[in-house]
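# Let me see the structure of the following:
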Amino acid sequence: MTSAPQLSAVPLYTAEHAADPQLSFTRLRQQGPVGLAEIDADVLVWVITDYRAALDLLHDQSGLWTKDTRGWMEHVPADSPVMPMLQWRPSLFFADGQEHAHLRRVITDSFALLDPRHVRDTTMRHADTLLAEFSHAGRTDLVSQYARRLPLMVLNTLFGKPDNAATQLIDAIEAMTSTDLARKAQGEQTLGAYLSTLYQTKAARRGHDLTSWFIDHPNGLSPDEVINQILITQGAAWETLAGLIANTAARMLSDPRYRGTLTTGSLPIGHAVDDVLWNDPPLAMYSLHRPNRSVHFHGRDIEQGQPVFVSYAAINTCPYTGQTREGFRSDRKAHLAFAAGAHECPAQSIALVVATAAIERLTATLPDIELAVPVEQLMHRPDPIYRVLTALPCRFTPLAPAPSTPPRPMSIEPRRPEAGRLPTAARPR
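The predicted model follows:
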């Protein structure tokens with residue numbers, strides 16, 4: 001990619017950016033609505049930090065922009081941490097026009113069939129399983145032991161797999177995000193086997209689940225199309241949900257406005273979730289588009305094929321847009337944490353149900369949970385796309401572990417001895 005000579009690319013993949021993203025956003029805004037950034041060593045992209053410019057891109061239906069990353073991927077190293085989010089797949093994330101609409105309709109229609117109460121109950125049930133693993137210890141890392149595992153357990157159920165298959169899904173997805181190419185390849189193989197078994201099982205016998213609804217949708221997806229939509233949906237939902245749960249927990253445990261909400265406070269969990277979506281969105285930047293021809297866009301000359309991202313985090317926290325009231329935006333739902341337009345997240349309502357239920361169960365089970373380190377010591381992963389904590393160490397009053405086998409119930413009435421025999425306890429020894 002050829003950069004404008006007067007611009008200096010702002011690195012978004014360093015520890016410095018992870019520690020203070022607002023400094024990076026300020027430097028990008030100084031370049032105008034569209035700035036130049038580096039998302040990995042020598043990987044340059046344009047980044048939108050202006051609300052109006054973002055909406056103009058996200059709502060554009062002229063055919064000027066494409067989501068297809070082929071033709072640009074050779075500029076990204078195969079072992080780059082950003083590769084999993086940029087690598088082209090035959091899915092709605094990288095499709096345009098009618099093809100995108102065809103695939104998206106399957107997902108939106110299928111997710112609309114989910115009962116939010118069932119999703120909530122499913123989340124609570126899996127949350128109980130995870131909480132039981134560490135609630136007796138008095139300490140935990142909410143990132144590794146809760147936030148990163150719970151979403152995949154829920155997704156495993158919603159797509160129709162038995163609970164014992166969740167471990168395979170978790171291991172596969174975690175491996176696929178590795179920069180170790182051998183481990184990543186093993187993760188792709190494991191996930192391929194998981195998805196193949198899932199499809200074959202549901203093709204043979206439908207259930208009340210997303211996979212079955214994908215298969216039966218009137219748009220008639222092929223087996224490969226079904227599998228790729230499951231793959232992209234699970235992958236995108238996992239990291240975003242994990243980050244949303246962890247970031248919300250961190251916000252509630254460190255912000256005085258939410259200290260009371262762990263038991264009897266006035267601000268509900270929903271406000272904490274909205275607060276995170278505005279100020280610390282887990283998906284900090286995405287909506288990758290490339291122009292099909294050279295274009296002048298909001299003061300910037302962008303050559304054909306050059307990548308353009310939208311920084312949701314920079315836009316949401318921009319001091320020049322939006323109004324605040326008592327620390328909250330006047331319109332709490334106007335953030336861009338779920339993007340907008342034709343490519344807006346099709347499952348955001350379900351994501352909010354899962355995140356809210358996860359925090360509710362956590363705080364109800366461990367009402368005195370608190371950070372085990374000062375909030376200033378919490379660290380985020382150096383990542384241009386996601387805003388995720390590396391760990392969230394917490395402490396709490398340990399709960400007594402549940403017994404492995406339930407105690408044998410005592411009889412209300414003593415058992416009558418057989419004729420001519422004394423009860424066992426009364427026999428002479």
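# What's the separation between residue 75 and residue 176?
Going from residue 75 to residue 176 by Cβ to Cβ, to the nearest Å gives 21 Å. C-betas here are computed from N, CA, C, even on glycine.
# more neighbours, those two?
residue 176 (19 against 16; other Cβ atoms under 10 Å).
# Tell me the pLDDT of that one.
pLDDT for residue 176: 82.
# try the one 10 residues further on
According to the per-residue confidence, residue 186 scores 91 in pLDDT.
# Contact partners for it?
When contacts are counted by Cβ atoms under 8 Å, 6 or more residues apart in numbering, residue 186 touches residue 175.
# Could you pull up phi and psi at it?
Dihedral pair for residue 186: phi -70, psi -40, per degrees, to the nearest 10.
# Burial check on residue 300, number of neighbours?
So residue 300, with other Cβ under 10 Å, has 20 neighbours.
# Backbone dihedrals for it, please?
Here is the backbone geometry of residue 300 (degrees, to the nearest 10): phi -120, psi 130.
# Also residue 177?
The phi/psi pair for residue 177 (degrees, to the nearest 10) reads phi -90, psi 0.
# go on, the one 10 residues further on?
The phi and psi torsions at residue 187 (degrees, to the nearest 10) take the values phi -60, psi -40.
# Same check on residue 220?
Main-chain torsions, residue 220, degrees, to the nearest 10: phi 60, psi 60.
# got a list of what it touches?
Counting by Cβ under 8 Å, 6+ apart, residue 220 makes contact with nothing.
# Tell me where the stretch 301-429 of the chain has helices.
312-316, 348-365 (DSSP state H, counting those that start in this stretch).
# Residue 118: what's it in contact with?
With Cβ under 8 Å, 6+ apart, residue 118 has no contacts at all.
# my hunch is that it is in a helix, does that hold up?
Yes. According to DSSP: H, G, I helix; E, B strand; the rest coil, the state of residue 118 is that of a helix.
# still on that earlier bit, compare the helices of the stretch 301-429 of the chain and give me the one nearest residue 211.
With Cβ to Cβ, the closest approach to residue 211 among the helices of the stretch 301-429 of the chain belongs to helix 348-365: 15.2 Å.
# The closest one: how far from the chain's middle?
Remark: helix 348-365 is offset 13 Å from the chain centroid, using Cα atoms, centre = their mean, to the nearest Å.
# Can you tell me what sits against it?
111, 114, 116, 119-120, 123-124, 127-128, 131, 135, 142, 146-147, 150-151, 154, 237, 240-241, 244-245, 248-249, 252, 261-263, 269-270, 272-273, 338, 345, 369, 399.
# Just the buried ones from these?
111, 114, 119-120, 123, 127, 131, 135, 142, 146-147, 150-151, 154, 237, 240-241, 244-245, 248-249, 252, 261-262, 269, 272-273, 338, 345, 369 (16 or more other Cβ atoms under 10 Å).
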